[in-house]
Structures are given as C-alpha cells and as structure tokens.
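1. For reference, the sequence and a predicted model appear below.
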Amino acid sequence: MPKPASQKVATARPFSYRNRTLHCDGVSLASIAEQHSTPAYVYSERQISERFQLFDQAFATRPHTICYAVKANSSLVILRLLGEQGAGFDIVSGGELERVRKAHKPALQRIVFSGVGKQVWEIDAALKANILLFNVESEAELYLLAARAETLGIRARFALRVNPDVFADTHPYISTGLREHKFGIDITLARAIYKRATKFKSLDPAGVSVHIGSQIRSVRPFAAATQRVLDLIADLRKDGHDIRYLDAGGGLGIDYHDSINDPKFNPQQQVQNYAAALNKVLKGIDAHLLLEPGRFIVAQAGALLTRVLVVKQNGAKTFVITDAGMNDLIRPALYQAHHEIIPVKQTAGKQVTTSVVDVVGPVCESGDFFARDRALPNVKPGDLVVLLDTGAYGMSLTSNYNTRPRPPELLITGDKAQLIRRRETLKDLFGPELLPTF
Ligand SMILES: *Cc1c(COP(=O)(O)O)cnc(C)c1O
C-alpha cells in the first residue's frame, strides 16, 4: 500500500507537570532520581521518533535519505531506534562507523562520512563496509581515498564537501560555511578537482555535499547554499560526471528559550518551512537528496536531571551549586549556550517566589556554569532541577574532567524507563591507566 504523503505526527513536548511533578512522558523525574541518582540524562523515545518522522515526511515528495548526525547523540539505542525506521547516518570517525555497525548493521549502506582529517584505518573500514558516500573535504584526502580504494579493489563513491561562502547567523564555533573555515573545499575550485578525479578508476564522483553550520534558525542560508550547489551540479553534469546525490547537510536549529508550555512551540512548522525552502530551489532537479540533521532530531527529547547541593551567597551573588558540572554538559561553557532550567517539584499555591541566581557545577573552573543572573523559582539543597533541551551535544560532549564519572542515560518509552547506559564507576575511569615502576 502506498504511504500517504503527509501523515499527521504529534509533536507535544515530552516534559510536563503532572501532580506538580515534572514527568518525561509517563515517568516522574523524581522517581528516576530516586532509582538512578543524579546527575542523569533522560530522553523521550517518542519525541526522537516523531522528529525523525517529521523530517522524513517533509521530504516525502522526492527521493531522499535522512542521515542522522551521530555526533549529536551517539547512544547505541538511539542509533538503533533511528536505523530501524530507515535513517541513514552522518559519521565523522571510524568509531562512529562501529557504532552504526553495532546498532543497526543494514544502515552501514546508508552512511555518509564527513570530517576534515580522515585516517587510513577509518577510510579502509568505511570502504569495506560499503558506505553510501565519502564527503571529501580536501584534494589531498581525495587522492588518499583513491589510493586506498584501489588497494582494496573497491570503487569509492564520493562527494566533495564544498564551501559555498554563505554566512549563517550562529555561534562562531559552529559556523562552517565561510571560506575562512577549515571545512570543505572552495566551491570555485571544485569543478577542476572533479575533472582531475576522473584519472582515478577507483573513484566514483557520485555527489556534491554542503554543510554550513549548526543551530541555524533562518532557512534562507540553507536555500542559498543549496542553490550554489545546484549550479555546480549543472556544471559537473555538463562535464560528463554522473552526479546522483545532493547532500544538503544538517544544521537546522531549535529555540533553546522555549519554555515547556510555550504556545509557539511548533517543530512541525519549522521542518515544513525548512523543507519548503529547500524544495523551492530543488524544483525539477533529479537527484537523491541527503540531509544530515542532528540537533533537531534529539535536542528537545532530552533533559539533564540534577540535584542542588548547596545554595551559597558570595557578596551580592547567589550561587546554586548542582551535582552536574561542565563535564556533564559543556554547552554553556563552550558556546555560551542557554538552557532553560526548571524545578522537578512545582511549589503549591499561586505565589512562586523567584531569585536571581547563578547555577553552577562543582568543577574547578569559573567557566563551569549553566546559567548566569537567571531568575529561578527558589530552590534549596536536595531539590531536583532539570536542564531542558540537552538531548543533543550533551552526553556526546561529556568528559571525565575532575575525575568525575559520566552520568547514566535513560530512555523513556511511555510509562517505562530503560537504563541505556549505566553510570560510570571510578573503576571504569582508572581502567586504561598504568602505574609503571621506574
Ligand atoms: C555536526 C554536523 C551535522 C549535524 O549538525 P546539526 O546542527 O546537529 O544538525 C551535520 N553534518 C555535518 C558534516 C556535521 O559536522
């Protein structure tokens, strides 16, 4: 039976208060803290699937593959969940390739491999896995790929990741589409490189790819970049290259300032606006579209649950110190990122008293903060709070700084919570270390 072009996908926020206690779908976060302690990452399975379906349906009118960007959240269970629904994957390392193999083997053939510094072992593993496409980011990498493919007797499908010189208004650390960035190849040089690549029988020039950055809220730069790629594809086809794939990258942003009951919250509309902008420039173009969303699929499905350890007054400032620190969530320290912070228990009565506080972690760095000068409902030691929208670039950017074990991850399915990664132990941390006698 043919799939209807546009099914309705529910898009409610997974986090809401029931009986004055914050829940993720059907599970109370107070009960999670009781069973698994804090800090802990909590994800809504429903929301992750819904976001993937939104993307998939928005592009239903043309041949496409949604290649989820593994680095946003590389949990094996999340990769399996998406792989089983037909997702491809955008990977940036040999380690991420192995994650996909472990999570859902059939999806290996739906992998695109990005990254500016691919190593021989990573290229070899990807060639043997018969991935869909290498997104090549320099001419030197192209020749290395040709040599490895020839040695292994495998033809390598590649796209040059071009740099369209399009400005996208986002944080400078996650903007990638300008000539001054390390990513991609200057689009004006690409045609000549494709020409030189025809010397190599081991190379199959199968596509063109672009990725202009992350957390981009306007759809205009995506359309502009795609238009430039289309012009290049027209030239390449004139030159006789059989270009079948257009990889438009990822980067669609979310509103980190949304509160959990914001009436403007409408991810379906956001995806549809994005799809409309791309489809407008792609009109009449015969190519298989690849997309690489990461953040948009997982960010709002996740929250970091943490407990207040201390409330401390230093001069005029009040510090709320939580048991989560920058090693558990580095986005505020790294990108000055904003995360909404809300209490797990709602206070009874209408009168909610708030104070202006800094929310900080226990790590020995002044950059270890989650919020500065933020008006929050009053909290006291022992209270649970939640940092919203931390499903993307949260757990995947954790570290063991200050010899702190990584937090566990829980996947919520309806009213069931499943541990999908246990809390690290100190034994895990000491595992690789050696104490040689000199
Ligand atoms: C990080 C990355 C993505 C995903 O970006 P999001 O902003 O999470 O959608 C996609 N493609 C490439 C090449 C990336 O490096």
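-> It's in.

2. Give me the buried positions along stretch 78-97.
-> The neighbour-count check on stretch 78-97 (16 or more other CB atoms under 10 Å) flags 78-83, 87-94, 96-97 as buried. Placement of C-beta: from N, CA and C, glycine included.

3. residues near Thr61, how many?
-> 12 (other CB atoms under 10 Å).

4. Now do the phi/psi pair for it.
-> Dihedral pair for Thr61: phi -80, psi -10, per degrees, to the nearest 10.

5. what's near enough to touch the residue nearest to Gln227 when sequence neighbours are not counted?
-> Residue nearest to Gln227 in three dimensions, not counting chain neighbours: Val281, with 4.9 Å by CB to CB, 6 or more residues apart in numbering. In this structure, Val281 makes contact with 223, 226-227, 230, judged by CB atoms under 8 Å, 6 or more residues apart in numbering.

6. Please report how far Val281 lies from Arg237.
-> Applying CB to CB, to the nearest Å, the value for Val281 to Arg237 is 17 Å.

7. Just put the contacts of Val281 in TSV and tack on pLDDT.
-> Below are the contacts of Val281 laid out as TSV (pLDDT from 0 to 100):
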residue	pLDDT
Ala223	96
Thr226	96
Gln227	96
Leu230	97
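
8. Give the single residue among these positioned nearest to Leu384.
-> Closest approach to Leu384 among those (CB to CB): Ala223, at 42.8 Å.

9. host element of the closest residue to that closest one other than its chain neighbours?
-> Once flanking residues are discounted, Ala223 sits nearest to Ala277: 4.4 Å by CB to CB, 6+ apart. Element membership of Ala277, judged by DSSP states H and E, is helix 267-281.

10. Tyr17 too?
-> strand 15-18.

11. Name the residues of that strand that are buried.
-> Neighbour count says strand 15-18 has Phe15 buried, by 16+ other CB under 10 Å.

12. quick revisit: check whether the helix holding Ala277 comes into contact with the ligand.
-> No - applying CB under 6 Å from any ligand atom, one finds helix 267-281 separated from the ligand by no less than 10.9 Å.

13. so how far is the longest strand along the chain off the chain centroid?
-> When the chain is parsed with DSSP state E, its longest strand is strand 302-314. Averaging C-alpha positions (CA atoms, centre = their mean, to the nearest Å) puts strand 302-314 25 Å from its chain's average.

14. Stretch 359-366 now?
-> Centroid separation between stretch 359-366 and its chain, computed with CA atoms, centre = their mean, is 25 Å.

15. Any buried residues in that stretch, and which?
-> 359-363.

16. For the residues you listed, give me CSV that also has distance to Lys345.
-> As requested, the buried residues of stretch 359-366 are exported to CSV (distance: CB to CB, whole Å):
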residue, distance to Lys345
Val359, 17
Val360, 21
Gly361, 21
Pro362, 22
Val363, 26
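
17. quick one: Pro408 from Asp90, how far?
-> Going from Pro408 to Asp90 by CB to CB gives 26 Å.

18. now swap in Thr65 and tell me
-> 10 Å.

19. what do you get for Arg157?
-> Counting by CB to CB, the gap from Arg157 to Asp90 is 15 Å.

20. now do Lys201
-> 27 Å.

21. Next: Lys283.
-> Counting by CB to CB - Lys283 and Asp90 are separated by 25 Å.

22. before we move on, what about Ser259?
-> Distance from Ser259 to Asp90, by CB to CB: 31 Å.

23. hang on, the earlier thing: return the list of helices and strands in contact with the strand holding Tyr17.
-> Contacting strand 15-18 under the criterion 3 or more CB pairs under 8 Å, 6 or more residues apart in numbering; DSSP states H and E are the following elements: strand 21-24.

24. Spit out the contact partners of the closest residue to the ligand within the stretch 251-400 of the chain.
-> For the stretch 251-400 of the chain, the residue closest to the ligand is Gly294, as judged by CB to the nearest ligand atom, at 2.7 Å. When contacts are counted by CB under 8 Å, 6+ apart, Gly294 touches 68-73, 90, 214, 250, 392.

25. Keep those, but drop any that are not near the ligand.
-> 69, 71-72, 90, 214, 250, 392.

26. quick one: which of those is nearest to Asn266?
-> Using CB to CB, these come closest to Asn266 at Ala392, 18.7 Å.

27. Count the neighbours of that closest one for me.
-> With other CB under 10 Å as criterion, Ala392 counts 26.

28. Was I right to think it contacts Leu304?
-> No - look at Ala392 against Leu304 with CB atoms under 8 Å: they stay out of range, at 11.8 Å.

29. CA atoms only for the helix holding Ala277 - export them in PDB, please.
-> Provided in PDB are the C-alpha atoms of helix 267-281 (Å, rounded to 0.1, in the frame of the first residue of the first chain):
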ATOM      1  CA  PRO A 267       8.500  21.800  15.300                       C
ATOM      2  CA  GLN A 268       6.300  20.500  12.500                       C
ATOM      3  CA  GLN A 269       6.000  24.000  11.100                       C
ATOM      4  CA  GLN A 270       9.800  24.500  11.400                       C
ATOM      5  CA  VAL A 271      10.600  21.400   9.500                       C
ATOM      6  CA  GLN A 272       7.900  22.300   6.900                       C
ATOM      7  CA  ASN A 273       9.400  25.800   6.400                       C
ATOM      8  CA  TYR A 274      12.900  24.200   6.000                       C
ATOM      9  CA  ALA A 275      11.600  21.600   3.500                       C
ATOM     10  CA  ALA A 276       9.600  24.300   1.600                       C
ATOM     11  CA  ALA A 277      12.700  26.500   1.300                       C
ATOM     12  CA  LEU A 278      14.900  23.600   0.000                       C
ATOM     13  CA  ASN A 279      12.200  22.100  -2.200                       C
ATOM     14  CA  LYS A 280      11.700  25.500  -3.800                       C
ATOM     15  CA  VAL A 281      15.300  25.700  -5.100                       C
END
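
30. That's all I had, so thanks and see you.
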